[in-house]
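Student: okay, sequence plus prediction incoming.
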Amino acid sequence: MAQTWEATVQHTKQQGAGTAEAGGTHGTDSDPCRPRWAERKADGPGKYAFLPWLLMGLGAFSNVIQGKTEHPWLAGLGLLAFNSVYITVVWTSFDPRLRDSRRPLYALALLTAITFAIALGFGGDWFLFFPLLSLASGTVRALRGKKLAVWLIALSGTAGYLTGWHDAGPGAFGVGYGTFLSGMVTSTVLSLFDTIQELNTTRQELARSAVEKERLRFSRDLHDLLGHTLSVVVVKAEAVRRLAPRNLDAALAQVADIEAVGRQALTEIREAVTGYREGSLATELDRARSVLEAAGIDPVVRQAGPPMPPQAGALLGWVVREGVTNTVRHSGATHCEISVHADEDRVRLTITDDGRGPLPSAAVTAAAPGQPRDGGTGNGAGTGGRPGPVGGTGLKGLAERLAAAGGTLQSGPDGRRGFRVTAELPVGTGDMAGAQEVNG
């Protein structure tokens, strides 16, 4: 038992650590079959990947150095201005704090003006700055989509026309085609890597949610299991204390029952830990009768109707366990009646006792999605009639389980002296489709 518990806790911690880390690539060492490329972060090209493309302006720079360009100082200033603004566009487009602002657009507008000025002013190799302008345009998030397509069509057409119109310029078609292709490929690649990162983030959230869901299932099952078992142990221990002075054989019989209950609890906890526990309504009804009798409460169990699906029986078994536990621990009842009535469509379970019952404010009501839901604060099984804990345990947790399976759970005073728990559940195949998942 201890080994199973430690192994499960260790596995859960490893799962949590593997999904909580950014990038979602940790915690994979235990899977030797996973390819190495799956462990790398898909960050995509960064801002530094766009710097080497500035070498396309090397021809214009060479002409300035060799004095082949008129007004070399002015050309040098234009080249410096283009490179500076180009880097500004790329840097702001990759900065998480600025990429969704309008700064990249303003910088791109300035870069466009500089590109047209130096291309028309100096001609020749200076027309190759149009593909660089397109490359920078592809990094701007605000332009992606239809806006970028319209912008690239207009830019490439204009660049090709001006190149062909200007004397001694490079091929007009090559400049126009290169201008369109540069921006489109850049935008497509960056959008693809953004999508991959979003998918990785979603996968991490789903894995984290699965871990939390398993923790909630285990916490809920552990509460329901131990609450019932400890109540039985307490009742039988009190019986041993009363019987020991005058009837040793009867006291020893109660001790044997305590041992049997403890062994059964160990088995159920193992099943809860491994996720394979599946209750049974018939089993829980038999246990309820035994527990009530041991506590000195007169049990009456009535069951009518055709057999129900195992999922429905398992859910109602949890209700019987929780309801009887509350009756034994808190109500001070002398009589408890459990009634199960099933037909082809629905099954109704009612647990009624004549005890004190909790305060009216502790009543719990839950309905399936789309059905009316009354107010309630949580588990009505607190000590001394006070509301018990909320947040997925006790009657509140059972109400959530039944609601997810299309059923309802209501609990509260029965109008007389006592407390009533009523559960209704659909037993049709379609209505119970989610019951298996809800039951853990």
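Tutor: Okay, I see it.

Student: where do the domain boundaries of this structure fall?
Tutor: As assigned by automatic domain parsing, the chain contains the domains 47-199, 278-438.

Student: what mean pLDDT does the last one get?
Tutor: So that's domain 278-438. Averaged over domain 278-438, pLDDT sits at 71.

Student: so, low pLDDT: which residues of the stretch 151-300 of the chain?
Tutor: Counting by pLDDT under 70, the stretch 151-300 of the chain contains low-confidence ranges at 167-170, 214, 217-218, 221, 224-225, 228, 271-279.

Student: ok, now with 80
Tutor: Applying pLDDT under 80 to the stretch 151-300 of the chain picks out residues 166-171, 210-211, 213-232, 264-280, 294-295.

Student: show me where it has its helices.
Tutor: Secondary structure of the stretch 151-300 of the chain (DSSP state H, counting those that start in this stretch): helices located at 172-243, 248-274, 281-294.

Student: winner for burial among those helices?
Tutor: Each of the helices of the stretch 151-300 of the chain was scored by mean neighbour count; the highest is helix 281-294, a mean of 18, by mean count of other CB atoms under 10 Å. Just so you know, the C-beta spots here come from the backbone N, C-alpha and C atoms, and that holds for glycine as well.

Student: need the residues that contact that helix.
Tutor: Residues from elsewhere that reach helix 281-294 (CB atoms under 8 Å, 6 or more residues apart in numbering): 228, 231-232, 235-236, 239, 254, 257, 298-299, 301, 303, 308, 312-314, 316-318, 320-321, 324, 327-328, 336, 338, 340.

Student: reformat the domains of the chain as JSON lines; add distance to L248.
Tutor: What follows is the domains of the chain, written out as JSON lines (distance: least, CB to CB, whole Å):
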{"stretch": "domain 47-199", "distance to L248": "69"}
{"stretch": "domain 278-438", "distance to L248": "18"}
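
Student: most neighbours per residue, which of those domains?
Tutor: Most buried of the domains of the chain, by mean neighbour count (mean count of other CB under 10 Å): domain 278-438, with a mean of 19.

Student: mind checking what secondary structure R417 has?
Tutor: Here R417 is recorded as coil under DSSP: H, G, I helix; E, B strand; the rest coil.

Student: measure it to N326 for me?
Tutor: R417 is 16 Å from N326, where distance means CB to CB, to the nearest Å.

Student: and A314, by the same measure?
Tutor: In terms of CB to CB, A314 sits 19 Å off from N326.

Student: how about V185?
Tutor: When distance is defined by CB to CB, V185 is 67 Å away from N326.

Student: again with A288
Tutor: 12 Å.
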